[in-house]
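Peer 1: Here's a sequence, model it:
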Amino acid sequence: MHARDWTHSMSMALAMLALALVPIASHGQALDGASADALAATLRMLADPAARAQAIGATPGAADADRQVQSLAGSPELVQEMHAVAAAALEDLVRSTGGDAARMREALERAKADPTTLARTLSPDTLRRLRELSAKLPNAPR
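Peer 2: Okay, here's the model as predicted:
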């Protein structure tokens, strides 16, 4: 896998981890107040290692994704940075889909086949941060 493709695949993996940890609106609905609060809480949780560990332990499938993140990162500092980029990617995905859970799931399904589709939902700043992060990761394909 080329580094560019890997960067986009990583963005999808990070967004999927973040999405696994946030309860979002039902199919076809925009974020309501409770869902917006849940998104804000998820973003705070992604920034807090202790809260993140608790959420990962309580969320089916999140432990596997977290092990992949830790394996790629190789250090607690880079794990934290990966979660910060995941939070930014989640915010971008929510913004680009209007908070519609069905559209978010569709975007992630499309990204499995073509990671560039997810990259198109990311802001220029998030893409820059993702590229910078991928250059720092010791286990990233080059």
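
Peer 1: what residue ranges in this protein score low on pLDDT?
Peer 2: Counting by pLDDT under 70, the chain contains low-confidence residues at 1-32, 35, 139-142.

Peer 1: list the helices and strands the longest helix along it packs on?
Peer 2: The helix that spans the most residues within the chain, counting by DSSP state H, is helix 76-97. Contact here means 3 or more CB pairs under 8 Å, 6 or more residues apart in numbering; DSSP states H and E; on that basis helix 76-97 packs against helix 3-20, helix 33-47, helix 49-58, helix 62-73, helix 101-113, helix 124-136. (Glycine included, C-beta is placed from N, CA and C.)

Peer 1: Of those helices, give the one that comes closest to residue 88.
Peer 2: helix 124-136 (4.4 Å; CB to CB).

Peer 1: re the thing from before, name the residues of the longest helix of the chain that are buried.
Peer 2: 78-94, 96-97 (16 or more other CB atoms under 10 Å).
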